[in-house]
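Enquirer: structure, please.
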Amino acid sequence: MTQEPISLADALASFAEQWSPRVVTAVNDYDVRIAKVEGEHLWHAHDHTDEFFLVLDGELHIGLREPAGERTVVLPKGSVFTVPRGTEHKPYAPVPTAILVFEPTGTLTVGDRHDEVPDHVDATTGHALG
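Expert: All right, here's what the predicted structure looks like:
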């Protein structure tokens, strides 16, 4: 990883793919990833890690399947939310949205358990910038 500052705006401008995160830096054993998203992701769960979301631009909705039932959280620009490990969730962006995700290096974007992966979702552990 580079030891120079990284402009998130420049990093986001360097790719066009949706639901295909780029690793911008690492902190200890965690990746800091950015992604452009729009439309639906898929229901999935990470059995061994929480998943942190920060909305950089746009609006992200996250459907959650919790013991008490299903609910949706809405994250406007500037909001953060952590999905607890093991919780089934489905991100959805009603408008073009940019997010930052913080999770352990090697974590698959579709989790450990998931629905069938649609063509528009990149099942990856993150791509290098540029």
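
Enquirer: okay, now the residue nearest to residue 27 when sequence neighbours are not counted: neighbour count?
Expert: Nearest residue to residue 27 in three dimensions, chain neighbours excluded: residue 102, at 7.7 Å (Cβ to Cβ, 6 or more residues apart in numbering). Using the backbone N, CA and C atoms, a C-beta is placed for each residue, glycine as well. Here the number of neighbours of residue 102 (other Cβ atoms under 10 Å) works out to 17.

Enquirer: confirm that residue 102 sits in a strand.
Expert: Yes - counting by DSSP: H, G, I helix; E, B strand; the rest coil, residue 102 is located in a strand.

Enquirer: strands along this protein, start to end?
Expert: 22-27, 30-40, 44-45, 51-57, 59-66, 69-76, 80-83, 88-104, 113-114, 127-128 (DSSP state E).

Enquirer: tell me which helix or strand of the chain sits lowest on mean pLDDT?
Expert: In the chain, the helix or strand scored least confidently by mean pLDDT, DSSP states H and E is strand 113-114, which has a mean of 78.
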